[in-house]
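A.B. asks: Just to be clear, the model below is a prediction. Sequence and coordinates:
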Amino acid sequence: MKKQDAMNRDWIATARTLSHALPLLQRYGGATVVVKFGGHAMGDDDEMDSFARDIVLMQQVGVNPVIVHGGGPMINQMLERLGVKSDFVDGKRVTDAATVEVVEMVLSGRVNKRIVQAINDQGGKAVGLSGKDAGLMVCEQTNPTLGFVGTPTQVDPSVLHTLFAADTIPVIAPLGAGRKGETYNINGDTAAGAIATALKADRLLLLTDVAGVKDAGGEVLTELTPDQIRKLTDEGVIAGGMIPKTETALAAIDGGVRGVVILDGRAPNACLLELYTDHGAGSLIRAERLAT
Ligand SMILES: Nc1ncnc2c1ncn2[C@@H]1O[C@H](COP(=O)(O)OP(=O)(O)O)[C@@H](O)[C@H]1O
Ligand SMILES: CC(=O)N[C@@H](CCC(=O)OP(=O)(O)O)C(=O)O
């Protein structure tokens with residue numbers, strides 16, 4: 001009898017939690033949220049499942065989630081196995097013809113399909129594609145010294161609207177086509193920013209392996225202005241892989257995205273914590289701040 005009472009109490013508490021969650025869950029109803037899932041943020045299978053569950057939950061409560069993934073560490077592993085050396089300049093991989101083939105194989109193949117499978121396993125409906133599909137991202141060469149690294153110059157998000165209408169979650173590998181049919185390697189953050197801008201997304205979440213943008217003392221800055229970003233970059237405090245993230249955040253805000261958050265994707269339920277609690281997470285860069 002006592003055991004039954006305890007069980008009933010648990011169920012009542014669960015029902016109360018669900019009921020209290022309603023106004024929070026309605027917060028992003030109808031919103032478009034682009035999530036950049038960086039290679040360093042992807043953990044083991046349990047962490048991947050937890051990420052996928054959050055994404056499916058977001059969709060169940062009326063968000064249109066779009067996943068744009070990275071996979072830098074997985075590309076590094078494969079290049080090492082093949083004995084190909086790889087260099088980075090300001091967080092972007094110098095990409096020759098042989099490297100771009102490996103980049104496409106790893107991103108569109110293993111990494112993309114792992115995320116698609118994880119979402120489908122949680123009861124969602126995900127479709128994997130790259131920026132080369134349906135004219136999603138047409139690129140120009142970023143800088144001749146980087147080789148086949150592309151900057152998206154034309155983004156056509158119509159295929160994403162078709163997928164939203166079919167309750168399908170797009171999972172996008174950061175590759176683009178050039179005007180002559182060549183393949184370009186796009187930094188994952190840059191790709192996510194371009195897609196968020198084309199969709200005029202309500203939120204762009206850049207999931208990485210640090211709690212946010214840190215100052216010279218190593219403290220996470222919970223909110224950042226463009227001036228602060230420029231200063232920290234000039235001082236070398238924002239460096240390496242953080243440069244494309246902050247550059248992306250500024251460009252996205254400028255392009256009409258309402259808010260960008262750089263946060264730790266390995267933290268449990270990172271996306272839910274950011275969107276659905278007042279706790280928030282990571283470093284927020286907002287349009288309102290740009291106006292000042
Ligand atoms: N000011 C900074 N604050 C936080 N991280 C920084 C900063 N400057 C450089 N970084 C580095 O940027 C890394 C995140 O970029 P990156 O490794 O490319 O991540 P991802 O693979 O998730 O895209 C962090 O792990 C950190 O080492
Ligand atoms: C041009 C460029 O640097 N492209 C990246 C694409 C993958 C990526 O961005 O992965 P993360 O998000 O995990 O870093 C690369 O080749 O590593």
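C.D. replies: Okay, I see it. No experiment lies behind these values; they were computed from the predicted model shown. Residues are numbered from 1 along each chain as shown. Ligands and ions are numbered 1, 2, ... in the order given.
A.B. asks: Test my guess that residue 179 contacts residue 138.
C.D. replies: Yes: look at residue 179 against residue 138 with CB atoms under 8 Å: they come within range, at 6.9 Å. Yep, even glycine has a C-beta here, placed from its N, CA and C like the rest.
A.B. asks: Give me the more crowded residue out of these two.
C.D. replies: Using other CB atoms under 10 Å as the criterion, residue 179 and residue 138 rank with residue 138 on top: 18 against 10.
A.B. asks: buried set for the host helix or strand of the more buried one?
C.D. replies: For residue 138, the host element (DSSP states H and E) is strand 137-141. Residues of strand 137-141 classed as buried by neighbour count (16 or more other CB atoms under 10 Å): 137-139.
A.B. asks: Report the contact partners of residue 112.
C.D. replies: For residue 112, the contacting residues are 69, 128, 130, 171, 173, by CB atoms under 8 Å, 6 or more residues apart in numbering.
A.B. asks: Pretty sure the first one sits against residue 170.
C.D. replies: By that I understand residue 69. No: contact criterion CB under 8 Å: residue 69 and residue 170 do not qualify, at 10.9 Å.
A.B. asks: Where in this structure is the helix or strand with the lowest mean pLDDT?
C.D. replies: Least confident helix or strand, the chain: helix 287-291 with a mean of 51, by mean pLDDT, DSSP states H and E.
A.B. asks: Could you check which residue of the stretch 1-150 of the chain lies nearest ligand 2?
C.D. replies: residue 70 (1.9 Å; CB to the nearest ligand atom).
A.B. asks: how deep is that residue tucked in, by neighbour count?
C.D. replies: Using other CB under 10 Å, residue 70 has 27 other residues around it.
A.B. asks: ok, now the one 4 residues further on?
C.D. replies: By the other CB under 10 Å criterion, the neighbourhood of residue 74 contains 19 residues.
A.B. asks: What residues does the stretch 51-200 of the chain have near ligand 1?
C.D. replies: By CB under 6 Å from any ligand atom, the residues of the stretch 51-200 of the chain that approach ligand 1 are 70, 72, 91, 188.
A.B. asks: so of those, which ones are in helices?
C.D. replies: 72, 188 (DSSP state H).
A.B. asks: what's the distance between the nearest residue to residue 86 once chain neighbours are set aside and residue 98?
C.D. replies: Counting by CB to CB, 6 or more residues apart in numbering, residue 86 lies nearest to residue 79, which is 5.1 Å off, once chain neighbours are set aside. In this structure, residue 79 and residue 98 are 9 Å apart, going by CB to CB, to the nearest Å.
A.B. asks: Settle it for me: which of those two has more neighbours?
C.D. replies: Using other CB under 10 Å as the criterion, residue 79 and residue 98 rank with residue 79 on top: 18 against 12.
A.B. asks: Quick check, the residue of the stretch 1-150 of the chain closest to ligand 2 in contact with residue 190.
C.D. replies: No: applying CB under 8 Å as the test, residue 70 and residue 190 come out as separate, 10.5 Å apart.
A.B. asks: Between those two, which contacts overlap?
C.D. replies: Common contacts of residue 70 and residue 190, defined by CB under 8 Å, 6+ apart, comprise residue 174.
A.B. asks: if we can go back for a sec, among the contacts of residue 112, which one lies nearest to residue 18?
C.D. replies: Set against residue 18, the nearest of these by CB to CB is residue 171 (28.2 Å).
A.B. asks: Need the contact partners of the stretch of helix or strand that closest one belongs to.
C.D. replies: Following DSSP H and E, the helix or strand that holds residue 171 is strand 169-173. Surrounding strand 169-173, the residues in contact under the criterion CB under 8 Å, 6+ apart are 55-56, 59, 65-69, 71, 104, 107-108, 111-112, 115-116, 119, 124-131, 136, 159-160, 163, 191, 195.
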